[in-house]
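Colleague: Sequence and predicted structure below; questions after.
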Amino acid sequence: MSMWWKLFLGYLLVLVVALSALSAYLAHELTGHQVASLESALYSQALLSRDIAAIDFGSPQGRTHLNTTARRLGRETKLRVTFIARDGSVLGDSEHDIRTMENHASRPEVRQALGGVRGRSIHFSQTLRTTMLYVAVPVVLRGETVGVARIAMPLYAIAAATRRMRWMVLSAALIALAAAMMVSAKIAHNVGRRVAALSNAANRLASGDLEARVRVRGSDELATLASVFNDMAVRLRETMRALREEKHTTDTILERLGDAIVVTDAAGGIIVWNAAAQRVFGSGREQVLGLTVLNATQNHSLDDAFRQAQAGGETVTAEVQLLFPQPRILQAAVTALTAGEPLGAVAVLREVTELRRLEAVRREFVANASHELQTPIAAIKALAETLLADSRDNPAVVERFLRDLESQADRLAALVKDLLDLAQIEAGPVQLELSEVSVAEVAEEVAAQLAPLAEQRGVAVTCDIPQQVRVVADRAALRKIMANLLDNAIKYTEPGGEAGVTAQRRGDRIAISVCDTGIGILSSDLPRIFERFYRVDKSRSRELGGTGLGLSIVKHLVEALGGDIAVASEPRKGSRFTVTLPACG
Ligand SMILES: Nc1ncnc2c1ncn2[C@@H]1O[C@H](COP(=O)(O)OP(=O)(O)O)[C@@H](O)[C@H]1O
Ligand SMILES: [Mg+2]
């Protein structure tokens, strides 16, 4: 039921009750009042009629005149006038034939009048067939009641007045009803509009429009409700803003974190997956949100860690190996989230791939270094034992053994020197003294230093560098770089081959190339030749006094000087190592 109907029916009820009570009361009052005033008028008429007729009551002859008197008085007053004898017989009547009228002694007004007082009565007149008001007074002659004079009047005039009054009340009721309809319509419209505005604003608020407000008008309950609503909306907006800021902060922290963060809810679905997790697992946030850890990562050890953490309520650590999108090793710490009830779990995954790789490299390096050192030491020990045991008398054998001893000791010394160099370079930034260095000068120095080796191996060495080519570098480091490269070029070239050093400017850099016409390197070995101890042909290198450390020292030094190194090689054709360094000026 609409509000209008409710209001209207309320008004209607009040109106019906009030107006019925009013009309009943008015009818009663009005009738009583009119009857009373009519009665007093009739009373005066009765007194007058009595006085006019009193004499005639005295004699039998006079009584015969009473009917005529009654008719005359009736005509004049437009009232019914009746004269009644003491015994109740009707002596005169203005409206009716007295011969047919019954004895009136039992009529209440007559009885009262015969008793000596004013008589009154309202009853239905059988004679006139209408309700009449009767007033009767005693006729007294010489102290004796001889009869009654009665005046009567029909009450339909009063009934008509009451009817009129009822009509008035009814029309007033209709007017009031129309007014009630209008007022309730107005109230319903006004209240309805304001309630609609409120519910409209509430709907907007519910659908996320935090700026929804209601106009506050007036000072009634609705206005209070509206202002409470507005306060609530403001508080809601503030709370939402605070929450958003907090979430933003948390999100930013999660996104910036280098560690991958994965959070699941109580049902095991992923709810947080930060940028690091995307990078590590190779799946975007949208792809994995809501999935289980197993479905999202395809990784059983991580899934197990989640299960254990949630079952045991403690932090579980696990090492997680990934093959896709890249082989990685992650250290995972998974903790259950609880607040009275289980809320899920959070995993922090730190990438330890590089750490593990370095550990492996270090282990390998120690094993390699020990092995490399072991070989010459064992050889020296064996030579010394043989010398001590039985070869002392043969000077030729002794000399050969001593030469072998010397060469093994040289090898050991070279190895230790290279290891020391490498250790020094790897320990931290090399102390470099940068200055302008002439590439030609250094190349010629190195060529001169290696001339005996080149001659011994039958390799022709050429230096073709313009004097003005200069680089910014540490002179000793540059010499070590070039010595190692030229040493390799001479060693890995067959007799009759050539080795050469050239340099040229490329923009603000100088490219120094060491090339040879030697044995070259297979493309499958190329990526590994800069690793420590890596040698394509171990026995050949060892025979030539190589340690496998030369190129890794070169690479470290070039990088320390801010340059880079590249290699191009073809088996049985030759190799070209190119070092690029900052040019001078
Ligand atoms: N110019 C070159 N021609 C052919 N192979 C080379 C050349 N330079 C280096 N190599 C290969 O790279 C390996 C590593 O070189 P390096 O680190 O200098 O060690 P080493 O010279 O002590 O053997 C060598 O053992 C060799 O197999
Ligand atoms: Mg070498």
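Modeller: Cool, the structure landed. Bear in mind that the values here come from a model prediction, so they are computed numbers and not experimental data. Ligands and ions are numbered 1, 2, ... in the order given.

Colleague: and the gap between V334 and N299?
Modeller: Computed as C-beta to C-beta, to the nearest Å, the V334 to N299 distance reads 12 Å. C-beta: built from backbone N, CA, C; applies to glycine.

Colleague: in the one helix or strand L222 maps to, what counts as buried?
Modeller: Here L222 sits within helix 221-256, counting by DSSP states H and E. Using 16 or more other C-beta atoms under 10 Å as the test for burial, helix 221-256 gives L222, A226, F229, N230, A233, L254.

Colleague: Quick check: phi and psi at the nearest residue to the last one once chain neighbours are set aside.
Modeller: The one in question is L254. Closest residue to L254 in three dimensions, ignoring its sequence neighbours and counting by C-beta to C-beta, 6 or more residues apart in numbering: N274, at 4.4 Å. Dihedral angles of N274 (phi, psi; degrees, to the nearest 10) stand at phi -80, psi 180.

Colleague: ok, N274 - how many residues close by?
Modeller: By the criterion of other C-beta atoms under 10 Å, N274 has 22 neighbours.

Colleague: Surely it touches I253?
Modeller: No. N274 is not in contact with I253 according to C-beta atoms under 8 Å; the separation is 9.1 Å.

Colleague: list the contacts for the residue nearest to L254?
Modeller: L254, E255, L257, A260, I261 (C-beta atoms under 8 Å, 6 or more residues apart in numbering).

Colleague: Could you export those residues as a markdown table, including distance to V558?
Modeller: A markdown table is the format used below for the contacts of N274 (distance: C-beta to C-beta, whole Å):
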| residue | distance to V558 |
| --- | --- |
| L254 | 40 |
| E255 | 37 |
| L257 | 35 |
| A260 | 35 |
| I261 | 39 |
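
Colleague: all helices for the stretch 401-550 of the chain, in order.
Modeller: 439-449, 451-457, 475-491, 538-543, 550-560 (DSSP state H, counting those that start in this stretch).

Colleague: ok, and for the second one, which residues are buried?
Modeller: Within helix 451-457, the residues that qualify as buried are L453, A454, R457, counting by 16+ other C-beta under 10 Å.

Colleague: which one of those is nearest ligand 2?
Modeller: For the buried residues of helix 451-457, the residue nearest ligand 2 by C-beta to the ion is L453; the value is 11.6 Å.

Colleague: Please tell me how far whichever strand or helix holds A24 is from the chain's geometric centre.
Modeller: Under the criterion of DSSP H and E, A24 resides in helix 3-57. When C-alpha coordinates are averaged (C-alpha atoms, centre = their mean, to the nearest Å), helix 3-57 and its chain have centres 76 Å apart.

Colleague: what's that helix packed up against?
Modeller: Identification of packing neighbours for helix 3-57 by 3 or more C-beta pairs under 8 Å, 6 or more residues apart in numbering; DSSP states H and E yields helix 60-77, strand 80-85, strand 130-141, strand 144-154, helix 156-206.

Colleague: for those, which one ends up most surrounded?
Modeller: Of all the helices and strands packed on helix 3-57, strand 80-85 carries the top mean neighbour count, a mean of 26, counting by mean count of other C-beta atoms under 10 Å.

Colleague: Residues contacting the helix or strand following it, please?
Modeller: As assigned by DSSP H and E, the chain's next helix or strand after strand 80-85 is strand 90-93. With contact meaning C-beta under 8 Å, 6+ apart, strand 90-93 is reached by 53, 57, 63, 66-71, 80-85, 98, 101, 103-104, 147.

Colleague: Could I get the average pLDDT for strand 90-93?
Modeller: Averaging pLDDT along strand 90-93 yields 93.

Colleague: Tell me the strands beside that strand, with direction?
Modeller: strand 80-85 (antiparallel) (DSSP bridges).

Colleague: separation between A305 and T338?
Modeller: Counting by C-beta to C-beta, the gap from A305 to T338 is 17 Å.

Colleague: no no, A178
Modeller: Relative to T338, and taking C-beta to C-beta, A178 is found at 70 Å.

Colleague: what does L210 give?
Modeller: Going from L210 to T338 by C-beta to C-beta gives 32 Å.

Colleague: Repeat that for V320.
Modeller: On the measure of C-beta to C-beta, V320 and T338 end up 23 Å apart.

Colleague: Same check on A136?
Modeller: 107 Å.

Colleague: try D93
Modeller: For D93, the distance to T338 - C-beta to C-beta - is 113 Å.

Colleague: next one: V135
Modeller: According to C-beta to C-beta, V135 stands 103 Å off from T338.

Colleague: Please apply the same query to T162.
Modeller: Per C-beta to C-beta, T162 is found 87 Å from T338.

Colleague: Check L257 too.
Modeller: According to C-beta to C-beta, L257 stands 23 Å off from T338.

Colleague: L15 too?
Modeller: 67 Å.

Colleague: Can you give me the pLDDT of the residue lying farthest from the centre of the chain?
Modeller: Of all residues in the chain, Q61 has its C-alpha farthest from the mean position, at 119.2 Å, by C-alpha atoms, centre = their mean. pLDDT recorded at Q61 is 89.
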